[in-house]
Structure formats: structure tokens, C-alpha cells
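> Generate coordinates for the sequence data below:
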Amino acid sequence: MQHQTTLAQAAAYTGIGLHSGREVHMELRPAAAGTGIVFVRTDMDGEPRVHATADHVTSTLRATTIEEDGTKFFTIEHLMSALHAQRIDNCEVRLDSEEPPVADGASLAFFDLIGQAGIQELDAPREEIVIDRVYRIDDDKNERFVMVVPYDGFRVSFTSVNPHKLIGIQYENFEITPETYRKEIAPARTIAYEKEIAQLRAMGLGLGGSIENVIVYNDEGWLNPLHFEDELVRHKIVDVIGDLRLAGIIRGHVIAAASGHALNTALAKKVLAARTR
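Okay, here's the model as predicted:
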């Protein structure tokens, strides 16, 4: 029998939000069995809480947003991905803003922060999401899909499709263990096309992005060095692991083609709904 886990001690990180551009102080705290992953606004009266579950997703525009009783948090996917990879069941994420820090633009900083805090096993059984049939979400118009099928472990196979000549079609397939995740997936950063940056900032997005935490490309090449030749598809794997954590800790094989937050979270909702019937 697997047992639930939490952090062995609290851990803190200060940085700026990817989209908000505002400084944010984040503290990850241990939580009791059955708590789940809960985001807490420390700068608001009463410290309102939002449970990080698929049924609380309210937006997937350039990031995943969760909201409960009027309180929301966005761009949670990189942190959720690290928590999923480290198989953390219970944690309080305490923030004095609506958005976690962008950190390295990937999930490595969060993964290592959890590792530094340590992982404590709790005296309660884990309710792992064991996939026992095929769950699939399609976007036929754009020829995209994401699915999860039965598998004894946790694996992600992802095909990304980008029309840009520098990127094209990329494919990766990983058995998700903490060791593989840290080495092959966690360092993969988010990506931006130089021509889109001004438009994003006019929309109030990407205000905290820089070449320190975002891969930027234009029609001629990359503006900063890549961590991996196929860094885009690896970052897509970061995202889908984070989005699916909103259903729980998954045991199954995730297969995706050109999927994004909208499809990922729709799949998480479908899995969660089947579990709670």
C-alpha cells in the first residue's frame, strides 16, 4: 500500500510572476493527510484558499487558472508539475499574489525546492488515480488530442507541432520518475515568439518574462541558448504533468498531440469526474 506524502519542512522562494511581473513571496508548507494541494492568499483578509483540483479551473489562456469563491491563482502548472513528479499528495502553497514566481521558466527550481524541504510519508493510504480505461479529449478542428490509457507506471508520450522552421514536429517519450523528470524534463522552459511579445504585454501577459526564464525565437534563430534541442516538447510535458495533477497523482500513460492547457485540463476534469461518481 502506498502512503500519502507531504513536505518534511517548509520551504520559501521569492521571485516575479511570469505574466503579472509582480514580486511574489511563496512558501510551501507541510499539510495533513487528505488536504491535497491548496493555494492560500496570505495578503488577503482571512487568507482565502483554493483547492488545486480540475473542477476549479476557470481559464486556460496562456496558463492554467484555478478559482474558488472569488479567489484565483494562475500559472500554477509548473509548480503543480514538480509536485506531481515528486509525488506530493498534500501541501499548502502560500502566496502574497495571484501567481507563483516564474523562477527559471521551467519547473527545476520548484522540483529542487521540494527536494531541499524533504518528503515525509504520512500514516494514511494514497488514493492514486489508477487509469483503468481510455480517457480522451479531442480538438478535431485543430487536429489535436490528449488521452490517458492504462499503464503500470507513469509515462508521457508527446508530439508537438509548430509551423516555424526552427521547431517543426518534436516528439519525446519518458517514463516519469523523479530522476528522469529532473534531468530530462524539469529544465525545459516556456517559449515565446518575438513578434508576439508586444501583443502579449498589451494584454497584460508575459510582463515578467525575460531571456532568463523564457526561450525567445524569431524568424532567424534563437535569442538565447537552448537547454535541449527539442526543449519545446519537453516543456509541453512539464505542462501536461502539471495540468493532470489537478485530477490527482496519475498511474497511466499520457499520449498527446499538440495539446495545451485547455485540452489537458479538460482531460483532468474527465478523469476526476469519473473518479468521484
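> which helices and strands sit right next to the one helix or strand residue 239 maps to?
Per DSSP states H and E: residue 239 is located in helix 231-244. Helices and strands touching helix 231-244, by 3 or more CB pairs under 8 Å, 6 or more residues apart in numbering; DSSP states H and E, are helix 77-85, strand 154-162, strand 168-175, strand 190-193, strand 250-257, helix 261-276. (Glycine included, C-beta is placed from N, CA and C.)
> Among these, which comes closest to residue 181?
Among the helices and strands packed on helix 231-244, the nearest to residue 181 by CB to CB is helix 77-85 (4.0 Å).
> Run through the stretch 1-150 of the chain and note the low-pLDDT ranges.
Low-confidence segments of the stretch 1-150 of the chain (pLDDT under 70): 19.
> can you map out the strands along it?
3-7, 11-16, 23-30, 37-41, 49-51, 57-59, 65-68, 71-74, 91-95, 119-125, 129-130, 135-139, 144-149 (DSSP state E, counting those that start in this stretch).
> Mind putting those strands into TSV with mean neighbour count?
TSV is the format used below for the strands of the stretch 1-150 of the chain (neighbours: other CB atoms under 10 Å):
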stretch	mean neighbour count
strand 3-7	21
strand 11-16	16
strand 23-30	19
strand 37-41	21
strand 49-51	17
strand 57-59	16
strand 65-68	20
strand 71-74	21
strand 91-95	22
strand 119-125	13
strand 129-130	17
strand 135-139	16
strand 144-149	21
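> just to revisit the earlier point, TSV for the helices and strands packed on helix 231-244, including mean neighbour count and distance to residue 223?
Formatted as TSV, those follow (neighbours: other CB atoms under 10 Å; distance: least, CB to CB, whole Å):
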stretch	mean neighbour count	distance to residue 223
helix 77-85	28	21
strand 154-162	20	16
strand 168-175	15	19
strand 190-193	20	9
strand 250-257	22	27
helix 261-276	19	24
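> Least confident of these, on average?
When those are compared on average pLDDT, strand 190-193 comes out lowest at a mean of 83.
> Listing partners with orientation, what would you give for that strand?
Each strand paired with strand 190-193, and its direction, by DSSP bridges: strand 214-217 (parallel).
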